[in-house]
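Chemist: what's the 3D shape of this:
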Amino acid sequence: MTIPTLVALLLAMQASPGSALERFFVGRTQGSGTVHVIISGRHAVNDRSTGRMDGNTLVLDQTVEEEGKPARRRVWRLTRSGSNGVSGTISDARGRVTGDISGNTLHLRYRLTEGPSVEQWITLQAGGRSARNRMEFHRWGVHVATVQTTIRRTD
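Modeler: Residues are numbered from 1 along each chain as shown. A predicted model of the protein is given here:
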């Protein structure tokens, strides 16, 4: 499962209007990479996202296509809290999404409705046209899966 655009949007909220981060995450992006599930191996994952600011909240509408599963839609709503904090919701998360921004990296924490807890890091790359996304999934304290994707601007 990919959540790269969400992270990108949170990074955009840290930036002032018109900054490189905001220009990267608000608009259209695509992510592609792999999911590595400890028991079943690796498979591809892709996503397409459109982000926009709604007041001071980043809204990301995302379609995730994970190999062997039907495409699914996710909606992210993230708002800055404090100087470096982020909080919000995602349509398939249970409870709040929380995180922090440090430099060009957004670090998020949340629990999916299907059970696993997620830690995610999205890092904007030099040049501002791509970002690296790494997600780690844990169930009962055990690392069960990793997602690694690259997110690219498409507009």
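
Chemist: paired strands for the longest strand belonging to the chain, with orientation please.
Modeler: As assigned by DSSP state E, the longest strand anywhere in the chain is strand 41-54. Strand 41-54 has its sheet partners listed here by DSSP bridges as strand 27-37 (antiparallel), strand 57-66 (antiparallel).

Chemist: any idea which of the ones you listed is most buried?
Modeler: For the strands paired with strand 41-54, the stretch with the most neighbours on average is strand 57-66, a mean of 19; neighbours defined as mean count of other C-beta atoms under 10 Å. C-beta coordinates here come from the backbone N, C-alpha and C atoms, glycine included.

Chemist: immediately after it, which helix or strand?
Modeler: Of the helices and strands lying after strand 57-66 in sequence (DSSP states H and E), the nearest is strand 72-81.

Chemist: what about the helix or strand following that next one, average pLDDT?
Modeler: From strand 72-81 onward toward the C-terminus, using DSSP H and E, the following helix or strand is strand 85-90. Strand 85-90 shows a mean pLDDT of 92.

Chemist: tilt between strand 85-90 and strand 72-81?
Modeler: 150 degrees (axes from the mean of the first three to the mean of the last three C-alpha atoms, to 10 degrees).

Chemist: other SSEs contacting strand 85-90?
Modeler: Under the contact criterion of 3 or more C-beta pairs under 8 Å, 6 or more residues apart in numbering; DSSP states H and E, strand 85-90 touches helix 4-14, strand 72-81, strand 93-102, strand 105-112.

Chemist: nearest to residue 152, out of these?
Modeler: For residue 152, the closest of these is helix 4-14, at 9.7 Å, according to C-beta to C-beta.

Chemist: leaving out sequence neighbours, find the closest residue to residue 87.
Modeler: Of all residues beyond its chain neighbours, the one nearest residue 87 is residue 81 (4.7 Å), with distances taken as C-beta to C-beta, 6 or more residues apart in numbering.
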